[in-house]
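Asker: Let's see this in three dimensions:
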Amino acid sequence: MRKKDRQQSREVALHIIAKAEYGVLSMSGPNESPYGIPVSPALVNNTIYVHCATEGYKLDVLAKNKQVCLTCVGYTCLQPSKFSTEYESAIAFGTAELVTDVQEKRQALLAIAEKYAPEYLKEAHLYIEKRLEQTAIIKIQISQLTAKATFSVSQQGDRP
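Answerer: Residues are numbered from 1 along each chain as shown. Coordinates of the predicted model:
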């Protein structure tokens, strides 16, 4: 990281990923062409889960190269008068794989529901069971993690 004063701790990076509404999952497509797609990540311990369809280009790309990069941006605030932006971001590098264990798949989908629809958890359980076979889960094992912010961030990653 070029500007060391903006570097944040691993704990802050994990917090940014945990609270981010979305991230961009980047991977290397055919002929090493870049490919990035928006995803809704859920963090469980040091593992990131994302859901998707059971077939498609993303899964085709991952079948050939499991190395991925997930970029999440948390708090942002444009500062037009300074020609700048206040922000926090985290980048996770890792290895992606499809979750094949049904129980882990259920737990990942529940973690996603807890993050994005906490007021509908009763309905989420029913929905998960109904859609379990039509949903794939990608598990990202984090190998490297960085975070930076243009402001002072607490250990919890909350904006002061």
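Asker: Give me the most central residue, the chain.
Answerer: Centre of the chain computed as the mean C-alpha position; nearest residue by C-alpha atoms, centre = their mean is residue 41, 3.5 Å away.
Asker: That one contacts residue 68, doesn't it?
Answerer: No: Residue 41 is beyond contact range of residue 68, at 11.3 Å (criterion: C-beta atoms under 8 Å). Any C-beta I mention is one placed from the backbone N, CA and C, and that applies to glycine too.
Asker: Pull out the buried positions in the strand or helix carrying residue 13.
Answerer: If you go by DSSP states H and E, residue 13 is part of helix 10-19. By neighbour count on 16 or more other C-beta atoms under 10 Å, the buried set for helix 10-19 is 12-19.
Asker: where's stretch 128-139 relative to the chain centroid, distance-wise?
Answerer: Stretch 128-139 sits 17 Å away from the centroid of its parent chain (C-alpha atoms, centre = their mean, to the nearest Å).
Asker: if we can go back for a sec, may I see the buried residues of helix 10-19 arranged in TSV, with distance to residue 90 and pLDDT as well?
Answerer: Formatted as TSV, the buried residues of helix 10-19 follow (distance: C-beta to C-beta, whole Å; pLDDT from 0 to 100):
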residue	distance to residue 90	pLDDT
12	8	90
13	4	93
14	8	95
15	8	93
16	4	94
17	5	96
18	9	96
19	10	94
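Asker: about what we covered before: enumerate every residue touching the residue nearest to the centre of the chain.
Answerer: Residues in contact with residue 41 (C-beta atoms under 8 Å, 6 or more residues apart in numbering) are 17, 20, 22-23, 48-50, 70, 72.
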